[in-house]
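Novice: This is a predicted model, with the sequence first.
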Amino acid sequence: MTKFRLGISLLFLLIFLGLLGFIFNRENLPLFSTATDSVSTTQSGTILLQRKDLQTYEELDGILDYASSVQIKPSMNGVLTHIAPEGTELDRGSVIFRSYRSMSESSTLTLSQQIASADASVAQAELGLENLKAPATVAQIASADASVAQAELGLENLKAPATAAQTASADASVGQSEINKTTAGFTVDTAKVALRISRDAFCDRANEIGPREWIYKDEICPSTNVSLTENAFNTIQNNMFLESQMVVVSNDVLIKYKSYQSALNSVKSATESLNLAKLNRDVLKESPSVAQLEQAEKSLKSAKEQRALLDEKPTNTQLAQASASLVSVKAQRKALDDLPSASELAQKTASLNSAQISLKTALANYAELVTGPSATILLFGDLPAWRDFKEGMNPGLDIEQIERNLVVLGYGSKQSLGIDLVFDSNTAEAIKSIQFDLGLKKTGHIRFGDAIFLPGKAVVEYSASFPDVGTTITAGTVITSLIPTENTQTRIDKDGKISSKTDSLQRVETSITVSNQELVTIGSKVKIELPDESEVQGTVETIGTTAVIPTGNQANDPYLEISVAIDGGISLPQWTGAPVAVGVTKQFAKNVLAVPVMSLVALLEGGYAVEVIDGGSTKLVPVEIGIYSDGWVELKSSVLKPGFEIVVPQ
């Protein structure tokens, strides 16, 4: 990029100097119209004409960076005791962070409840299997016999006509409903009349002893058709002893009021639908309410329907239901005398085995409560961790991956671990060894989240939001982030020899306008100019298939995103995030005649020539020029041949 700009500048400078030289020395220069003209010149340097490959570049802006970072989260709660410092490069087996874990009382209680539940399920399954194998008890047989008898009686009663007692009872219900219908309206009559008489006597005595303010409060007196209120009752009760002559009549009014209220409640209970809003009205002159009549009619209708059912024969559906019930209880009774089938025994045994496994799992979880130091380490691999690693787990490629890491770290061999899909006791022992070296509890298994798999080495990323050492952390909280910087492929041959191939994951992210997309394809070679103006080669790895259309203030031509890998596995972490220039081939000329740009001489009539040494003198040979690249220029001439000696002015 920079060299190209320098070459262009030098070209224009050369043209300018050539014109000046022509002006000041034109008396010594002929008009060069043919390739055979010669001149006398002072040579400052020469070069042999040669063939070269020349190319020009389209310059793209890019950023040198790595792939997206990976968030690291703990699998359990605890206190953070160590975290790898930002910028640290972590290798296989490096500790990312340490914590001190402790189980809360609620978590312990939850696991205890799980154990109790699993224990109860085992006991229930054992009892079920035992009951299946054991013969029926006397009580079971008696209960089954009783069910059969009850079903037979129900069917018999359904088929038999109604008895005289049932008919009489139904008739009595009908009669009672009719009585309720006719008597619902005058239940409170007597109590209301008694209250009116007592109230008249109260008011008469009040008139005899003279006006008293409390007697006429709340419409106690004069006696009218207005019902005595609860407030009036309270007023009489609170003031009756103020006047000795009013005590007896006051007490009588209170008693009659209570009696009247009791009568009202009795009516409400008997009719169930008496309208409470009409309790204060004079019921002596009113007929029963519509609601009372409707309720009484419903009761009468229900009683008649029940009575009518006694005269009807059972329907086919009822008979079928009763027969099915009888068949069911007979089958249950018969089953008590039969031995359990093989399938029944197998089902009960499977239920017991399942309950026992659940109990074992609950006990194992309780036994594996991690209280103490814990660590999360970095391991290499393409498969992310997605489950716990422990003996008895289902086979999988992730087991082969962790065994490969254990061998590389020196905690086993290919012969001892097998590097296969099975997590066995040898794998567990190898894990115990690495746990011992890390100062952890030797459990022989790895909880999900305690091992992070990345392609290779990684750098610890910084974020102000990450917790500090000594902070209480919770499961699922982001502790830190790692940026993968390398992709390491490890091979272990049949003899246990370990070999690795490492490629840098550093990439240049750039873009090219849609109009220039034909300049690049996947696999295209490009030049990458670093901030210190040094250059490295790269290869286009990916090209976006969908154009990005800038919007807002940044609106520009649509572009495609491009990712470029640095050739040779070169890693440049010191330039991470730095802007770089990507040179994409724009023009290419293969095996063409080329000379340094400084060799060109501008002609008076226009165009260019080069000064060729011919014997003891020189001559100017007109040429056509092609592309410029890195200080060289392509020459097109039928006269010039490779090997001609060309003057290069200094």
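Specialist: That came through, no problem. Everything quoted here is computed from the prediction, not taken from an experiment.
Novice: how about stretch 469-476: buried residues?
Specialist: For stretch 469-476, the buried set under the neighbour-count rule, 16 or more other Cβ atoms under 10 Å, comprises residue 473. For every residue, glycine as well, the C-beta is placed using N, CA and C.
Novice: Pull out the buried positions in stretch 383-393.
Specialist: Quick answer for stretch 383-393 (16+ other Cβ under 10 Å): 385, 389, 390.
Novice: Just give me the neighbour total for residue 401.
Specialist: One way to gauge burial is a neighbour count; for residue 401, by other Cβ atoms under 10 Å, it gives 20.
Novice: Likewise for residue 636?
Specialist: If you count neighbours by other Cβ under 10 Å, residue 636 ends up with 11.
Novice: Show the subsequent helix or strand relative to the helix or strand bottoming out on mean pLDDT in the chain.
Specialist: Among the helices and strands of the chain, strand 38-39 carries the lowest confidence by mean pLDDT, DSSP states H and E, at a mean of 38. Using DSSP states H and E, the helix or strand that directly follows strand 38-39 along the chain is strand 46-48.
Novice: what's the distance between the very next helix or strand once past that next one and the middle of its chain?
Specialist: Note on strand 46-48: by DSSP H and E, the next helix or strand toward the C-terminus is strand 50-65. Once both centres are worked out by Cα atoms, centre = their mean, to the nearest Å, strand 50-65 turns out to sit 45 Å from its chain's centre.
Novice: Residue 449 in helix, strand or coil?
Specialist: The local conformation at residue 449, judged by DSSP: H, G, I helix; E, B strand; the rest coil, is coil.
Novice: tell me the contacts of the residue nearest to it when sequence neighbours are not counted?
Specialist: Distance criterion Cβ to Cβ, 6 or more residues apart in numbering; nearest residue to residue 449, sequence neighbours excluded, is residue 75 at 3.1 Å. When contacts are counted by Cβ atoms under 8 Å, 6 or more residues apart in numbering, residue 75 touches 447, 448, 449, 450, 475.
Novice: do you know how far residue 75 is from residue 451?
Specialist: Separation of residue 75 from residue 451 (Cβ to Cβ, to the nearest Å) stands at 10 Å.
Novice: Quick check: residue 475 is in a strand.
Specialist: No - inclusion of residue 475 in a strand is not indicated when three-state DSSP is applied; the result is coil.
Novice: what's the pLDDT at it?
Specialist: pLDDT, the model's per-residue confidence, is 85 for residue 475.
Novice: cool, and the one 3 residues further on?
Specialist: According to the predicted model, the pLDDT of residue 478 comes to 92.
Novice: Could you find the closest non-adjacent residue to it?
Specialist: Nearest one to residue 478, counting by Cβ to Cβ, 6+ apart, is residue 71 at 4.9 Å.
Novice: quick one: the one you found from residue 488, how far?
Specialist: For residue 71, the distance to residue 488 - Cβ to Cβ - is 21 Å.
Novice: Who has more neighbours out of these two?
Specialist: Summary of the neighbour comparison: residue 71 and residue 488, criterion other Cβ under 10 Å, with residue 488 having more neighbours (17 against 14).
Novice: Helix, strand, or coil at that one?
Specialist: Three-state secondary structure (criterion: three-state DSSP) places residue 488 in strand.
Novice: In space, what's closest to it - neighbours in sequence excluded?
Specialist: For residue 488, the nearest residue in space outside its immediate sequence neighbours is residue 456; the separation is 3.7 Å by Cβ to Cβ, 6+ apart.
Novice: That neighbour contacts residue 487, doesn't it?
Specialist: Yes - counting by Cβ atoms under 8 Å, residue 456 does reach residue 487; the two are 5.1 Å apart.
Novice: Which one's more surrounded, these two?
Specialist: Neighbours were tallied for residue 456 and for residue 487 using other Cβ under 10 Å; the higher tally belongs to residue 456 (21 against 18).
Novice: How confident was the prediction at that one?
Specialist: Looking at residue 456, its pLDDT reads 93.
Novice: Give the closest residue to residue 475 in space, chain neighbours not counted.
Specialist: When the adjacent residues along the chain are set aside, residue 475 lies closest to residue 76, with 5.4 Å between them (Cβ to Cβ, 6+ apart).
Novice: what about that neighbour, distance to residue 388?
Specialist: 12 Å.
Novice: And residue 95, by the same measure?
Specialist: 19 Å.
Novice: So what's the gap between stretch 479-496 and the chain middle?
Specialist: Taking mean C-alpha positions (Cα atoms, centre = their mean), stretch 479-496 and its chain are 28 Å apart.
Novice: oh sorry, the question was meant for stretch 462-471
Specialist: 24 Å.
Novice: Counting neighbours, which bits of it end up buried?
Specialist: When neighbours are counted by 16+ other Cβ under 10 Å, the buried residues of stretch 462-471 are found to be 466, 467.
Novice: which residues touch it?
Specialist: By Cβ under 8 Å, 6+ apart, stretch 462-471 touches 79-83, 86-87, 473, 477-481.
Novice: Repeat the analysis, applying 10 Å as the threshold.
Specialist: Stretch 462-471 is contacted by residues 69, 71-72, 79-83, 85-87, 97-99, 460, 473-474, 477-481 when judged by Cβ atoms under 10 Å, 6 or more residues apart in numbering.
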